[in-house]
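Undergrad: fold the following for me, if possible:
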Amino acid sequence: MPAPTVKRSSLYGSLTARFVAFLVDTTLLVFFYTIIFYSAGSNSEHFSSWDKTMHSHGINFSELLLIAKTLFFNPYFPVVYWLYYTLLESSPKQATIGKFTLGLRVTDLRGKRINLWQANLRHLSKLLSLLPVGLGFLLILTTRRSQMFHDYFARTVVVSD
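TA: Model (predicted):
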């Protein structure tokens, strides 16, 4: 019997797997960031009022909006987000927690671990992927290696283990 063959496209991370990994990572970041940010004291009164509102009256949209604004429109969250992706993708595991959970890892075009410079370039160029209505992310559907714009820019690929 001939040796089994592996479809070339299955070696690369699919759009679905990468999106689920993104959701896992974002959920973890928001969860832990919210706990740390609100327990630090500067906005703990918002957290306690939000918690009371949820328990006594259900979810109050204005309070939820206040939490979202406080969480995402402050100078710390983008820095935490950038450090999370840059440091974990250039680490020996080559993956964020979400990617690792789904058996994905980020490599250079030769399959080697990416360096910190490439990880920074990859993360920062995700902003360019967003600009033309997110078309940089949909590039994955047309490329041979399932690369998005930021992967092309940083000369990286996301592979499936």
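Undergrad: going by C-alpha atoms from here, please, whenever you check contacts or count neighbours.
TA: Will do.
Undergrad: going along the chain, name the strands of the protein.
TA: For the chain, the strands defined by DSSP state E occupy 104-108, 156-160.
Undergrad: pLDDT of stretch 78-89, averaged?
TA: Stretch 78-89 shows a mean pLDDT of 92.
Undergrad: now do it: everything it contacts.
TA: With contact meaning C-alpha atoms under 8 Å, 6 or more residues apart in numbering, stretch 78-89 is reached by Leu29, Phe72, Gln94, Ala95, Thr96, Arg105, Val106, Ile114, Leu116, Ala119, Asn120, His123.
Undergrad: hang on, the earlier thing: dump the strands of the chain to CSV, plus mean neighbour count and mean pLDDT.
TA: CSV is the format used below for the strands of the chain (neighbours: other C-alpha atoms under 10 Å; pLDDT from 0 to 100):
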stretch, mean neighbour count, mean pLDDT
strand 104-108, 24, 95
strand 156-160, 22, 94
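Undergrad: for the helix ranked longest in the chain, packing partners?
TA: Secondary structure assigned by DSSP state H gives helix 15-39 as the longest helix of the chain. Under the contact definition 3 or more C-alpha pairs under 8 Å, 6 or more residues apart in numbering; DSSP states H and E, helix 15-39 sits against helix 44-57, helix 97-101.
Undergrad: least reliable of these going by mean pLDDT?
TA: helix 44-57 - the lowest mean pLDDT of the helices and strands packed on helix 15-39, at a mean of 55.
Undergrad: now stretch 77-96: buried residues?
TA: Phe77, Tyr81, Tyr85, Thr86, Leu87, Leu88, Glu89, Ser90, Ser91, Gln94, Ala95, Thr96 (16 or more other C-alpha atoms under 10 Å).
Undergrad: residues near Asp25, how many?
TA: 20 (other C-alpha atoms under 10 Å).
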